[in-house]
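Novice: Provided below are the primary sequence and the corresponding predicted coordinates.
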Amino acid sequence: MPNIGISGLIIILVIALIIFGPKKLPQLGRAVGETLREFKSSTKNIVDDVADDFKIEDSKESKNEKTTNIN
């Protein structure tokens with residue numbers, strides 16, 4: 001992932017200001033923020049679901065090992 005410094009951010013903001021204008025820029029920022037928040041939340045939910053699935057599989061394997069050891 002490229003590192004963007006302060007000068008790079010200023011250039012991006014100036015270009016966005018020229019393209020979208022000062023009236024649309026706050027709406028655009030809000031929309032981008034909401035989209036990133038939703039993406040982050042969805043990603044976290046997916047990671048949590050996968051982790052839960054692995055925990056369930058691990059507990060099943062533990063039970064199978066215990067019954068095998070008993071027999």
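Specialist: That came through, no problem.
Novice: what is the burial count for residue 49?
Specialist: A total of 10 residues lie near residue 49 under the criterion other C-beta atoms under 10 Å. In short, each C-beta sits where N, CA and C put it, glycine included.
Novice: could you look up the SS state of it?
Specialist: Look at residue 49: counting by DSSP: H, G, I helix; E, B strand; the rest coil, its state is helix.
Novice: contact partners for it?
Specialist: Residue 49 makes no contacts at all, as judged by C-beta atoms under 8 Å, 6 or more residues apart in numbering.
Novice: how close does it get to residue 56?
Specialist: 11 Å (C-beta to C-beta, to the nearest Å).
Novice: okay, residue 33: pLDDT?
Specialist: Listed pLDDT for residue 33 reads 93.
Novice: list the contacts for it?
Specialist: Here residue 33 is in contact with no residue (C-beta under 8 Å, 6+ apart).
Novice: element containing it?
Specialist: Using DSSP states H and E, residue 33 falls within helix 6-70.
Novice: ok now that helix, how far from the chain's centre?
Specialist: 1 Å (C-alpha atoms, centre = their mean, to the nearest Å).
Novice: right, I'll leave it there.
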